[in-house]
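**Student:** After the sequence you'll find the predicted model.
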Amino acid sequence: MEILEFNEEIKFDEELILVLGYFDGLHLGHQALFAEARKVAAVLNLKIAVLTFPEKPTLTFEKFSPDMLLKLTSDQKRADLFAENGVDYLVFKDFTSDFAHQTSEEFSKNVVLKFNPKVVITGFDYTTGSDMQNLKSTEDYRVIIIPEQADDQGKISSTRIRKAVEEGEIAQANALLGYAYETTGLVVHGFARGRQLGYPTANLVIKDFIHLPAVGVYTCDVLFHGERHRGFASIGYNDTFNGTEKTVEVHIFDFSGEIYGEKLTVLWLDKIRDMIKFENMEQLIAQMKEDERIARRYRL
Ligand SMILES: Cc1cc2nc3c(=O)[nH]c(=O)nc-3n(C[C@H](O)[C@H](O)[C@H](O)COP(=O)(O)O)c2cc1C
Ligand SMILES: Nc1ncnc2c1ncn2[C@@H]1O[C@H](COP(=O)(O)OP(=O)(O)O)[C@@H](O)[C@H]1O
């Protein structure tokens with residue numbers, strides 16, 4: 001997959017299938033667009049381009065709050081997901097006022113046609129231009145609009161997934177994403193208490209602007225040095241020790257070694273319980289033993 005910046009000069013000579021959207025999380029609803037794109041691309045023997053934005057378009061329209069920068073995936077994971085979904089050209093455009101204020105006709109001429117598309121694929125609620133129209137087929141390209149993808153609770157949406165993640169409903173979030181929600185961080189030093197508990201934990205500092213699961217204890221898998229290990233993790237304030245800072249910590253089962261400075265990816269699988277403020281360390285250890293049984297038993 002090639003990653004490109006959309007600018008005045010961009011022009012594809014080959015014909016393409018163009019997919020349009022922001023795609024936070026690339027969830028099952030989004031994946032339906034790419035499934036269609038792959039189908040059409042195979043029939044027409046064309047490559048797939050996606051035009052997307054580095055940040056959410058809402059930044060251009062609404063009063064800023066730092067939450068608006070939070071995403072379901074890191075930029076790296078998002079690029080990986082586009083590649084897994086069959087995208088050949090990932091093209092980024094800053095969603096500026098000028099871009100937003102184009103009419104749909106201008107959008108078609110200044111943006112869509114630069115991709116030389118045979119077919120353009122969007123979601124049912126994707127509108128273009130200041131006139132907020134659905135994109136329409138022209139002499140140059142055919143537009144396919146993918147209908148709403150839903151489950152028994154309604155539309156599959158990034159909003160629903162964000163809510164599930166932030167409420168700790170990880171299994172639900174994963175079901176809507178079609179993959180395990182993940183967080184990548186750098187292993188840094190904590191208070192060196194974990195080893196006393198019998199469960200050394202890699203404390204993660206997270207540099208990406210992403211939604212974190214709710215405070216609690218989770219079953220997880222950990223990607224580390226190209227291998228996948230089962231573990232359990234805690235997100236919270238270490239209440240038993242009167243902690244004041246929120247930490248993300250993970251213990252990897254059947255592993256020992258110094259891993260400071262390493263990058264780990266935690267795949268959140270299921271919530272085990274809420275955080276508890278225990279009377280003493282022994283109670284915490286007893287509970288963690290029970291948590292370990294649950295986490296080890298969890299089957300994907
Ligand atoms: C699976 C798991 C469950 C945990 N549950 C709790 C808990 O219920 N209450 C609590 O205060 N701390 C809990 N912790 C956090 C421990 O307090 C923390 O890992 C320990 O203080 C080590 O901190 P350190 O890495 O800074 O040394 C849990 C940690 C893990 C890995
Ligand atoms: N099974 C394991 N899972 C996670 N980290 C481990 C494991 N075994 C050893 N470690 C190492 O121990 C460190 C955690 O020890 P801990 O006592 O919790 O101290 P601190 O929280 O100060 O780092 C990790 O950062 C890692 O380098």
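**Tutor:** Yes, it's here. Ligands and ions are numbered 1, 2, ... in the order given.
**Student:** Is the closest residue to residue 170 other than its chain neighbours bridged to anything, and to what?
**Tutor:** Ranked by C-beta to C-beta, 6 or more residues apart in numbering and with sequence neighbours excluded, the top spatial neighbour of residue 170 is residue 268, at 4.6 Å. (C-beta placed from N, C-alpha, C; glycine too.) Residues in a beta bridge with residue 268, per DSSP bridges, are residue 220.
**Student:** list the contacts for residue 268?
**Tutor:** By C-beta atoms under 8 Å, 6 or more residues apart in numbering, residue 268 lies in contact with 170, 173-174, 180-183, 213, 218, 220, 233.
**Student:** among those residues, which are in reach of ligand 1?
**Tutor:** Taking C-beta under 6 Å from any ligand atom, the overlap between the contacts of residue 268 and the neighbourhood of ligand 1 is residue 233.
**Student:** Of the contacts of residue 268, which is the nearest to residue 296?
**Tutor:** For the contacts of residue 268, the closest approach to residue 296 (C-beta to C-beta) belongs to residue 220, at 11.8 Å.
**Student:** could you pull out the strands for the protein?
**Tutor:** 2-5, 16-20, 47-52, 89-92, 117-123, 142-146, 150-151, 154-155, 182-188, 202-205, 216-224, 227-236, 247-252, 263-273 (DSSP state E).
**Student:** rewinding a little: now the contacts of residue 268 as CSV including neighbour count, pLDDT and distance to residue 252?
**Tutor:** Conversion of these to CSV gives the following (neighbours: other C-beta atoms under 10 Å; pLDDT from 0 to 100; distance: C-beta to C-beta, whole Å):
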residue, neighbour count, pLDDT, distance to residue 252
170, 23, 98, 18
173, 25, 98, 22
174, 21, 98, 20
180, 18, 98, 16
181, 25, 98, 18
182, 19, 98, 15
183, 25, 98, 15
213, 23, 98, 18
218, 26, 98, 13
220, 28, 98, 9
233, 27, 98, 10
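**Student:** Including distance to residue 137, could the contacts of residue 268 go into a markdown table?
**Tutor:** Below are the contacts of residue 268 laid out as a markdown table (distance: C-beta to C-beta, whole Å):
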| residue | distance to residue 137 |
| --- | --- |
| 170 | 41 |
| 173 | 35 |
| 174 | 36 |
| 180 | 38 |
| 181 | 36 |
| 182 | 38 |
| 183 | 41 |
| 213 | 42 |
| 218 | 46 |
| 220 | 46 |
| 233 | 48 |
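**Student:** Not counting its neighbours along the chain, what's nearest the closest residue to ligand 1 within the stretch 51-200 of the chain?
**Tutor:** Of all residues in the stretch 51-200 of the chain, the one sitting closest to ligand 1 is residue 190 (2.5 Å; C-beta to the nearest ligand atom). Counting by C-beta to C-beta, 6+ apart, residue 190 lies nearest to residue 203, which is 3.9 Å off, once chain neighbours are set aside.
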